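In: please work out how this folds:
(4 chains)
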Protein chains: 2
Amino acid sequence: MTSDDSAPVGLRERRRRETLREVADAALTLFEERGVAATTVDEIAAAAGISPRTFFRYYPTKEHALFHEDETYRSIRVELVNDVRAGAALAPAIQHAWVRLFDDFDRRPDIRARVLRVRRVIESEPTLLARAVTNDIDNADELIDAAVDAAGADADVLTIRATVAAMDAIIRVVFGEWVRRSELGDAASAGEIYREVIAGLAPLGAHLSRDAGN
Amino acid sequence: MTSDDSAPVGLRERRRRETLREVADAALTLFEERGVAATTVDEIAAAAGISPRTFFRYYPTKEHALFHEDETYRSIRVELVNDVRAGAALAPAIQHAWVRLFDDFDRRPDIRARVLRVRRVIESEPTLLARAVTNDIDNADELIDAAVDAAGADADVLTIRATVAAMDAIIRVVFGEWVRRSELGDAASAGEIYREVIAGLAPLGAHLSRDAGN
DNA sequence: TGAGTATATGGCAGTGACTGCCAAGTTGGC
DNA sequence: GCCAACTTGGCAGTCACTGCCATATACTCA
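Out: From the prediction side, this is the model:
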């Protein structure tokens, strides 16, 4: 799975990543300007200086171009998987990973700004929200596998799946609120919103622990 | 919003609902037989005895035809909204609604069978899973509004949203497991799986209540 | 009951996403 | 500096989806 990290990053690979990035930027800008539905692949390709045919060799759909993942994001996910594989408790580990990402936003405003732009577009179109969810689902599999492996023989896959799904859902709410507030001129911090949500979920937590024996 | 329930159900409306149902059935059968991607709208339309052009007057996309909602489902959602509007605690009310639906499955095997067929198709394609999530999000709005209204002045919209999203995520896991087990020949009961999941989530619940003050 | 109006249907043409195939260039290893 | 591997762009084709128009069917009210 993650075996080709050691491959020599030649000219080809470097160019590929560059193009990937340029296409993603072109797409993001056009989506913001005129909306996703009103933006054609031809336009994105033209803006990025490639042919439409080539566009589809970089991203399978125009929506995918929006979800180009930056390094920070990926590395935090890898770290999370490693932590869980090393035996960390699932829910706290997930929480820790997100807090780390949000803290990163404070240190690196460029990343924060870009993620916010992307999230704003995502929230504006249901189809993109759907695509974001499939992304979450795909990412979740890796994490679920790690948790199952870590638990060994007495792994409770069902509970693991439910835990990851619930945490993902909560994060999606956080991002949604982040966008909403920022659109109201509120220079909201994602980390703060996350903490607010967690604090508010105490009753749900109580409900879940209480009904366990039911 | 729900003001046109009193409209007289004339021939037109009756036929419309019939067609809606026939198209949904045709789509479901074809999706099962050859997969969603390999099924064209033309084929669904032909199987349902309407023109392709008319198909799009009933459902905006072929995927939507799969999510045709039956009465039971809708009525339980309406009840839930009413309960919440009447002041019921959110998480328990949601749980209660689902348990009621699952109990209904035991009483009405036809409904159970159809939901299982639909869910099986949904689980087979990530894009459908995503569409299911966006559906849930759409449905959630009504419930969220009810909860906000019920809470009055001190409504915590953010927490309400998070609670609903988390519960929805859990239900999706239940459906997923239900399909998985039934495909393994296990005549699983959705209600039982739901109870299993809730029991397993005690640690998550503890985590959420513990970190509230953090 | 017989207009008259609103609505449902189907066909046609058009746009845009996406794919397979082929020809022409580019890069990397030796 | 040459061969093999890979990248690119153009072309043709399929399919989802929409707007427009003519025709048919259901509701309404005089």
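In: from here on, just use CA atoms for contacts and neighbour counts.
Out: Will do.
In: what ranges do the helices span in chain A?
Out: Taking DSSP state H, the helices of chain A run over residues A:11-34, A:41-48, A:52-58, A:62-66, A:71-85, A:90-107, A:109-124, A:126-151, A:157-183, A:190-200, A:202-210.
In: which one, of those helices, ends up nearest to DNA strand D?
Out: Checking those against DNA strand D by C-alpha to the nearest atom of the strand gives helix A:52-58 as the closest, at 4.3 Å.
In: return the helix or strand in chain A with minimum mean pLDDT.
Out: Least confident element among the helices and strands of chain A, by mean pLDDT, DSSP states H and E: helix A:202-210 (a mean of 88).
In: which residues does that one contact?
Out: Residues outside helix A:202-210 that contact it (C-alpha atoms under 8 Å, 6 or more residues apart in numbering or on different chains) are B:91-92, B:163, B:198-199, B:201-212.
In: filter those down to the buried ones.
Out: For these, a neighbour count by 16 or more other C-alpha atoms under 10 Å in any protein chain shown gives the buried set as B:91, B:163, B:198-199, B:201-209, B:212.
In: what's the angle from the least confident helix or strand of chain A to helix B:190-200?
Out: Interaxial angle, helix A:202-210 versus helix B:190-200 (axes from the mean of the first three to the mean of the last three C-alpha atoms, to 10 degrees): 110 degrees.
In: using PDB, write out every CA atom in helix A:202-210.
Out: The C-alpha coordinates for helix A:202-210 follow below in PDB (Å, rounded to 0.1, in the frame of the first residue of the first chain):
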ATOM      1  CA  ALA A 202     -21.700  15.200  26.700                       C
ATOM      2  CA  PRO A 203     -25.400  14.300  26.800                       C
ATOM      3  CA  LEU A 204     -25.000  12.100  23.800                       C
ATOM      4  CA  GLY A 205     -22.000  10.500  25.500                       C
ATOM      5  CA  ALA A 206     -24.000   9.900  28.600                       C
ATOM      6  CA  HIS A 207     -26.900   8.500  26.500                       C
ATOM      7  CA  LEU A 208     -24.500   6.100  24.800                       C
ATOM      8  CA  SER A 209     -22.800   4.900  28.000                       C
ATOM      9  CA  ARG A 210     -26.100   4.600  29.800                       C
END
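In: still on that earlier bit, pull the most distant pair out of the buried ones among the contacts of helix A:202-210.
Out: B:Ala199 and B:Ala212 (20.9 Å; C-alpha to C-alpha).
In: residues of chain A that sit close to chain B?
Out: Counting by C-alpha under 8 Å from any C-alpha of the partner chain, the residues of chain A close to chain B are A:91-92, A:126, A:129-131, A:133-134, A:158-159, A:161-163, A:165-167, A:169-170, A:173, A:177, A:195, A:197-214.
In: pLDDT below threshold where in chain A?
Out: A:1-9, A:211-214 (pLDDT under 70).
In: close to DNA strand C: what parts of it are there?
Out: Taking C-alpha under 7 Å from any atom of the strand as the test, the list of chain A residues beside DNA strand C reads A:10-12, A:39-42, A:53, A:56, A:60-63.
In: buried subset of these as a ChimeraX selection?
Out: For the buried members of these, the matching ChimeraX selection, counting by 16+ other C-alpha under 10 Å, is:
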select /A:39,41,62,63
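In: what's the neighbour count on A:Arg108?
Out: Number of residues near A:Arg108 (other C-alpha atoms under 10 Å in any protein chain shown) recorded here: 11.
In: one more: A:Arg14?
Out: Considering only other C-alpha under 10 Å, A:Arg14 is surrounded by 11 other residues.
In: list the contacts for it?
Out: Taking C-alpha under 8 Å, 6+ apart as the definition of contact, A:Arg14 has no neighbours.
In: could you rerun that using 10 Å?
Out: When the contact criterion is C-alpha atoms under 10 Å, 6 or more residues apart in numbering or on different chains, the partners of A:Arg14 are A:Leu20.
In: do the same with A:Arg57
Out: Contacts of A:Arg57 were listed using C-alpha under 10 Å, 6+ apart, and they are A:Leu20.
In: hang on, the earlier thing: now the helices of chain A as a markdown table including distance to B:Arg77?
Out: Listed next are these as a markdown table, based on distance: least, C-alpha to C-alpha, whole Å:
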| stretch | distance to B:Arg77 |
| --- | --- |
| helix A:11-34 | 35 |
| helix A:41-48 | 40 |
| helix A:52-58 | 41 |
| helix A:62-66 | 32 |
| helix A:71-85 | 36 |
| helix A:90-107 | 30 |
| helix A:109-124 | 25 |
| helix A:126-151 | 21 |
| helix A:157-183 | 20 |
| helix A:190-200 | 24 |
| helix A:202-210 | 20 |
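In: between the ones you listed, which one is nearest to B:Ala113?
Out: Comparing those against B:Ala113 with C-alpha to C-alpha, the closest turns out to be helix A:157-183 (22.3 Å).
In: buried stuff in the closest one?
Out: Residues of helix A:157-183 classed as buried under the neighbour-count rule (16+ other C-alpha under 10 Å) are A:157-179, A:181.
In: close to DNA strand D: what parts of chain A are there?
Out: Remark: the part of chain A in contact with DNA strand D comprises A:Arg12, A:Arg16, A:Gly49, A:Ile50, A:Ser51, A:Pro52, A:Arg53, A:Thr54, A:Phe55, A:Arg57, using C-alpha under 7 Å from any atom of the strand.
In: the fourth one reaches A:Val23, doesn't it?
Out: Yes. If you go by C-alpha atoms under 10 Å, A:Ile50 and A:Val23 touch, sitting 8.7 Å apart.
In: what about the two, which has more around it?
Out: Each of A:Ile50 and A:Val23 had its neighbours counted (other C-alpha under 10 Å), and the higher figure belongs to A:Val23 (26 against 14).
In: what's the local residue count around A:Ala150?
Out: When neighbours are defined as other C-alpha under 10 Å, A:Ala150 has 18 of them.
In: contact partners for the closest residue to it other than its chain neighbours?
Out: Leaving out its chain neighbours, the residue that sits closest to A:Ala150 by C-alpha to C-alpha, 6 or more residues apart in numbering or on different chains is A:Arg85, at 5.2 Å. A:Arg85 sits next to A:Glu79, A:Leu143, A:Ile144, A:Asp145, A:Ala146, A:Ala147, A:Val148, A:Asp149, A:Ala150, A:Ala151 when contact means C-alpha under 10 Å, 6+ apart.
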